[in-house]
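1. would you be able to build a 3D model of this:
(chains A and B)
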Amino acid sequence: MWGAGLLNGLWITMRNLLRGPITVKYPHEKLDLPERARWAVAPKRFEDGSPRCTACMTCVRVCPDHILSLEVETREDKSKHIVRFDYEIGACMMCGLCVEACPFDAIEMSHEYELAVTDPKGLRRTLLADVDAASAAKHREEKPKAEGAAGEAGERADG
Amino acid sequence: MSDPRYEVYEAGLIGEGMHEPPVLPAGLRRSPSGVDGLRTEHLVVNMGPQHPSTHGVLRMLVEVDGEEVVNAEASIGYLHRGIEKLAEHRRYDALGTLMDRGDYVSGIMGELAAALAVEQLLEVEVPRKAHWLRSLTSELNRIASHLVWYGTFGLDTGAMGQFLYAMRDREAILDILEAISGQRMMFNYVRPGGVVRDLPPGIDAKIRAFVDGFENVYLPEHDALLGGNEIFQSRVKGIGVITREQALAFGLTGPNLRASGVRYDVRANRPYAAYPELEFEVPVGETGDAWDRYLVRMEEMRQAARLIRQLIDGMPEGPHAAKVPKVLRPPAGEVYAAVESSRGETGVHLVSDGSEHPYRFHYRAPSLFALQALEEIVPGHLIADVVMIIGSTDVMMGEIDR
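-> Residues are numbered from 1 along each chain as shown, chains lettered A, B, ... in the order given. The predicted structure is shown next:
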């Protein structure tokens, strides 16, 4: 019968009406992000608050969009001092390749997703500035404590 | 106006300076005669690139005689980002980030095509589990992509509610894919050698719940809401016929080709990933009109749900990626790898010179071929049917312009 499909459509719409809303009232209500969600890159720190970054430049080389930049000073005793670790968030596509490549688990894809800014200057962030880079020795010291915690970054290479 | 390009759009107006016939763009014809002594002319309508029905930024230059289209010309390039050139400066493991942004509605399949090409060059043996994870995410993505097509196809007809229902179901898939890969659309999940991560714990139940609901409740609802609607049927049946010969001549692939009656599916004919081990049917149409394309895609969603069930039930144990070097330097050579994406055969032709970056990267976009066929099939239809035909072919400007 011509028109039966139309009536059935109305019936389906009615059923969907009774199913209730599936949306939430953002920003008053927010959904939880899955653990693996990739948003803005953020530096990670040791328990004492010093950065885990050793200024090895791996992330800078790996980034497909060349948006990370690391300005480093090397002292006489070969220890490194990070002058600036810049991150151009406006150009970041959040692919996570830098985090995967980091051998020291020093950066992470954070869950910070509200990235709108009112000033274009906000599109460029300084992740670290004027701090001493962590030494490999410090990472070795920490390793027995957090066995496996750093496994995520090296997961792909380890198979 | 002195610019001949603007005169074209005023061709239908009568006014001073219009006594001289305006210059038409190459390939467009003028009506030969008037009616009852009145001078009538063909009108050139500029559809897009900001038209809501053009699925992205497609510009169609349509020459109409009253309501009837006599000539159509598709103009592309409004979304060009130079993906093929950019790829020449990307490392091999970052090619997926570009492919995600080609066909951005079914990113996993694009990534997979690039990964398969690199693996052919590297001659890596991919673990069985990686194959299965690739197929699983591909099929989830296929449903998500077809739901976008289903929703926007309805929008082209003037329906609204079913678009929102389609987006609701797509959201459930995107949530699953986000939990697996970390992002909703730009997954960057499939890499040369395997996939980035194994499934997160507890996702099986989520996928099962989704497939159960989708197969038993939501998909029948979608089908009844649009396909069961008599107005929609009378609107799409018989329009935009692509014959078998035309489809083959234009090099169509995917649902558009199968709707014309050719049983060709890369998953079945040149199997990759886990497809040789899986059971599924390749639906084909008969006449190749918009209605057949609708039926084929709806059936494909059913088959995808069936595949997901098999993939979840039979998910093997083992590593999810093969051991590959951190910096990939495939030996010099030339390969072509193809996958069946939601729109057809998405292929990657890769030329390596042995360095860190590809020497040449070519992306075969199935929508480009469908768009070329459009110019041939659109003339003779009413102007209102043009949007329906474009919608039925599911062209994706992201991959056409690349």
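2. for the rest of this, base every contact and every neighbour count on C-alpha atoms.
-> Fine.
3. report the beta-bridge partners for the residue nearest to residue B:120 when sequence neighbours are not counted.
-> Nearest in space to residue B:120, with sequence neighbours left out and distances taken as C-alpha to C-alpha, 6 or more residues apart in numbering or on different chains, is residue B:335 at 6.9 Å. Residue B:335 has these beta-bridge partners by DSSP bridges: residue B:350.
4. and residue B:335, what does it touch?
-> B:117, B:120-121, B:349-351 (C-alpha atoms under 8 Å, 6 or more residues apart in numbering or on different chains).
5. and these as CSV, adding distance to residue B:176, pLDDT and neighbour count?
-> Output for these, formatted as CSV (distance: C-alpha to C-alpha, whole Å; pLDDT from 0 to 100; neighbours: other C-alpha atoms under 10 Å in any protein chain shown):
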residue, distance to residue B:176, pLDDT, neighbour count
B:117, 27, 92, 23
B:120, 29, 90, 18
B:121, 32, 90, 21
B:349, 31, 92, 18
B:350, 31, 91, 22
B:351, 35, 92, 23
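6. next, count neighbours for residue A:1.
-> By other C-alpha atoms under 10 Å in any protein chain shown, the residues close to residue A:1 number 5.
7. same check, this time on residue A:138
-> 12.
8. secondary structure element for it?
-> Using DSSP states H and E, residue A:138 maps to helix A:136-142.
9. circling back: what pLDDT is listed against the residue nearest to residue B:120?
-> Here the pLDDT value assigned to residue B:335 is 92.
10. quick one: it from residue B:254, how far?
-> 21 Å (C-alpha to C-alpha, to the nearest Å).
11. next one: residue A:122
-> Following C-alpha to C-alpha, the distance that separates residue A:122 from residue B:254 is 44 Å.
12. higher neighbour count, those two?
-> The residue with more neighbours, out of residue A:122 and residue B:254, is residue B:254; 25 against 14, by other C-alpha under 10 Å.
13. for residue B:272, give its distance to residue B:158.
-> 39 Å.
14. next: residue B:113.
-> 35 Å.
15. may I have the phi/psi pair for the residue most central in space within chain A?
-> Closest to where the C-alpha atoms of chain A average out (C-alpha atoms, centre = their mean) is residue A:109, at 1.4 Å. Phi and psi for residue A:109, reported as degrees, to the nearest 10, are phi -90, psi 110.
16. I figured it hits residue A:97, correct?
-> No. Between residue A:109 and residue A:97 there is no contact under C-alpha atoms under 8 Å: 9.9 Å.
17. show me which residues of chain B sit near chain A.
-> B:90-91, B:94, B:97, B:161, B:168, B:178-183, B:186-188, B:196-197, B:221, B:224-226, B:228-230, B:319-326 (C-alpha under 8 Å from any C-alpha of the partner chain).
18. which of those residues are buried, as a ChimeraX select command?
-> What follows is the ChimeraX syntax for the buried subset of those, where burial is set by 16 or more other C-alpha atoms under 10 Å in any protein chain shown:
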select /B:90,91,94,97,178,179,180,181,182,183,186,187,188,196,197,221,224,225,226,228,229,230,319,320,321,322,323,324
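19. now the strands for the chain?
-> Reading this off chain A. Here chain A has its strands, by DSSP state E, at A:41-43, A:68-74, A:80-88, A:107-109, A:124-132.
20. try chain B instead
-> Using DSSP E, strands in chain B cover B:43-47, B:59-65, B:68-75, B:190-191, B:194-195, B:333-341, B:344-352, B:360-364.
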